[in-house]
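Student: Below is the sequence, then the predicted model.
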Number of protein chains: 2
Amino acid sequence: MGATIAKQDFPVSKARRYLEPGPVVLVSSRYEGESNIMTLGWHTILEFSPSLVGCMISAGNHSHRMIRESGECVINVPTTDLTDQVVGIGNVSGARVDKFAEFELTEEKARHVAAPLIGECHASFECRLYEDALVEANNFFIFEIVAAHVAPKPEYPTTLHYTGGGIFMVAGEMIDRSKLFSKDMLE
Amino acid sequence: MGATIAKQDFPVSKARRYLEPGPVVLVSSRYEGESNIMTLGWHTILEFSPSLVGCMISAGNHSHRMIRESGECVINVPTTDLTDQVVGIGNVSGARVDKFAEFELTEEKARHVAAPLIGECHASFECRLYEDALVEANNFFIFEIVAAHVAPKPEYPTTLHYTGGGIFMVAGEMIDRSKLFSKDMLE
């Protein structure tokens, strides 16, 4: 298991830098005195300001009700250091297991929500439920990111990207095409 | 510019293999005799069967109205061979430019929708609008993938993943953790 990673405050409007590339994330929640974690690959940025992210959280997940009832969660971005925990967390239900204990992960106190940050992750985004219109029919939650905590190094973390079948793509090289962008598209 | 890529039929319920890792996609549309393309990074898989994908398509995009009125689009997955086209398409409006002509891309006929496939892309997913409840308020479209066309090789394409600021992450190595998954999680 990895050590906890020191994070700094990060602008919530720039959360896309970590979430738009499409990494698998660990969503932590807290409800009625219980903490839980789920592995999630089905999410998308929806807006910069307010900083909105949409997540499809199946009703079959123990976390679904906890997040719905509490109206809060934390979206944590793990790197390859946590690959086996990511897989393990995705393959067991929080109804049966205390995942923080089982996977030796550290609960850290968030600033605005009761759900804990995961200390071993590269970045953590505190979220409040913003729009629940599609929760009932489509299990689609829209959250507002109300605080962002990011490790200053490395600049681009080696995130995991799930393809199904137990196979992950790992974040590779970075290429800079900023010179080809119009100024307003870089804001 | 690249050559067109021969694609084969692919199961629509397995589209997650190409979309869940979070690549930048090129969304093609057709309405009132005009074809258009937009660059999109804000999408997520929502369901296997029906095969659903959610896309945040800002109302400021010329494609927004074309897709809303036609109720159709094609989600195409480009690789690094098309990096400069991806950037160029994202930095100019289809209201001013014929993007297929400008970026020397090939319109190929889709099977179920009027919107064209982009011949130079690795994979193309024909989509019909499935749920528009969040279009008005959040510009969020839920599409059903009704046909999938994928190049058989390479098995895992070198997709582009946008981080903002003109900088892309390129898909890196693949790691296989299938032995750690429970059987029902591999379906």
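Tutor: Thanks, I have it.
Student: From now on I want contacts and neighbour counts done on CA atoms only, so please keep to that.
Tutor: Fine.
Student: In this structure A:Tyr31 contacts A:Met66, no?
Tutor: Yes. Counting by CA atoms under 8 Å, A:Tyr31 sits close enough to A:Met66 to count as a contact (5.4 Å).
Student: And the helices in chain A?
Tutor: For chain A, the helices defined by DSSP state H cover A:16-19, A:62-70, A:83-90, A:99-102, A:135-138.
Student: right, so those: which one is the most enclosed?
Tutor: Each of the helices of chain A was scored by mean neighbour count; the highest is helix A:16-19, a mean of 22, by mean count of other CA atoms under 10 Å in any protein chain shown.
Student: which other residues reach that helix?
Tutor: A:44-45, A:48, A:77, A:123, B:162-164 (CA atoms under 8 Å, 6 or more residues apart in numbering or on different chains).
Student: Counting neighbours, which of these comes out on top?
Tutor: A:Ala123 (29 neighbours; other CA atoms under 10 Å in any protein chain shown).
Student: Please name the residues that touch the closest residue in space to that one that isn't next to it in sequence.
Tutor: Sequence neighbours aside, A:Val150 is the residue nearest to A:Ala123 in space, at 4.2 Å (criterion: CA to CA, 6 or more residues apart in numbering or on different chains). Contacts of A:Val150 were listed using CA under 8 Å, 6+ apart, and they are A:7-10, A:122-124.
Student: Look up the residues forming beta bridges with A:Val150.
Tutor: Taking DSSP bridges as the rule, A:Val150 bridges to A:Gln8, A:Ala123.
Student: residues contacting A:Asn139?
Tutor: If a contact means CA under 8 Å, 6+ apart, then A:Asn139 has A:56-59 as its contacts.
Student: Could you measure from the residue nearest to the spatial centre of chain A over to A:Phe143?
Tutor: Geometric centre of chain A, nearest residue: A:Ile75, 2.5 Å, by CA atoms, centre = their mean. Taking CA to CA, to the nearest Å as the measure, A:Ile75 falls 10 Å from A:Phe143.
Student: where do the contact lists of these two overlap?
Tutor: Going by CA under 8 Å, 6+ apart, residues that sit against A:Ile75 and also against A:Phe143 are A:Cys127.
Student: Please enumerate the strands of chain A.
Tutor: Counting by DSSP state E, chain A has strands at residues A:8-10, A:25-31, A:34-40, A:43-47, A:52-56, A:72-77, A:107-108, A:117-118, A:123-131, A:140-150, A:160-162, A:167-176.
Student: got those as a markdown table, with mean pLDDT and distance to B:Gly94 columns?
Tutor: Putting those into a markdown table (pLDDT from 0 to 100; distance: least, CA to CA, whole Å) gives the following:
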| stretch | mean pLDDT | distance to B:Gly94 |
| --- | --- | --- |
| strand A:8-10 | 98 | 34 |
| strand A:25-31 | 98 | 34 |
| strand A:34-40 | 97 | 34 |
| strand A:43-47 | 97 | 22 |
| strand A:52-56 | 98 | 26 |
| strand A:72-77 | 98 | 35 |
| strand A:107-108 | 98 | 47 |
| strand A:117-118 | 98 | 42 |
| strand A:123-131 | 98 | 31 |
| strand A:140-150 | 98 | 29 |
| strand A:160-162 | 98 | 31 |
| strand A:167-176 | 98 | 24 |
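Student: so A:Arg177 sits right up against B:Gly166, yeah?
Tutor: Yes. Assessed by CA under 8 Å, A:Arg177 is found in contact with B:Gly166 at 5.1 Å.
Student: Give me the more crowded residue out of these two.
Tutor: Taking other CA under 10 Å, A:Arg177 and B:Gly166 do not tie; B:Gly166 has more neighbours (18 against 14).
Student: and that one, what does it touch?
Tutor: When contacts are counted by CA under 8 Å, 6+ apart, B:Gly166 touches A:176-181, A:186.
Student: can you tell me which two in these are farthest apart?
Tutor: A:Asp176 and A:Leu186 (12.0 Å; CA to CA).
Student: Give me the buried stretch members for stretch A:165-179, please.
Tutor: A:165-172, A:174-175, A:178 (16 or more other CA atoms under 10 Å in any protein chain shown).
Student: ok so, going back, narrow the contacts of A:Val150 to just the buried residues.
Tutor: Among the contacts of A:Val150, those classed as buried by neighbour count (16+ other CA under 10 Å) are A:7, A:10, A:122-124.
Student: from those residues, which two are the most distant?
Tutor: Among those, the pair separated by the greatest distance (CA to CA) is A:Phe10 and A:His122, at 12.1 Å.
Student: Redo the contacts of helix A:16-19 as JSON lines? Include distance to A:Ala114.
Tutor: Listed next are those as JSON lines, based on distance: CA to CA, whole Å:
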{"residue": "A:Thr44", "distance to A:Ala114": "23"}
{"residue": "A:Ile45", "distance to A:Ala114": "23"}
{"residue": "A:Phe48", "distance to A:Ala114": "24"}
{"residue": "A:Val77", "distance to A:Ala114": "18"}
{"residue": "A:Ala123", "distance to A:Ala114": "17"}
{"residue": "B:Tyr162", "distance to A:Ala114": "31"}
{"residue": "B:Thr163", "distance to A:Ala114": "29"}
{"residue": "B:Gly164", "distance to A:Ala114": "30"}
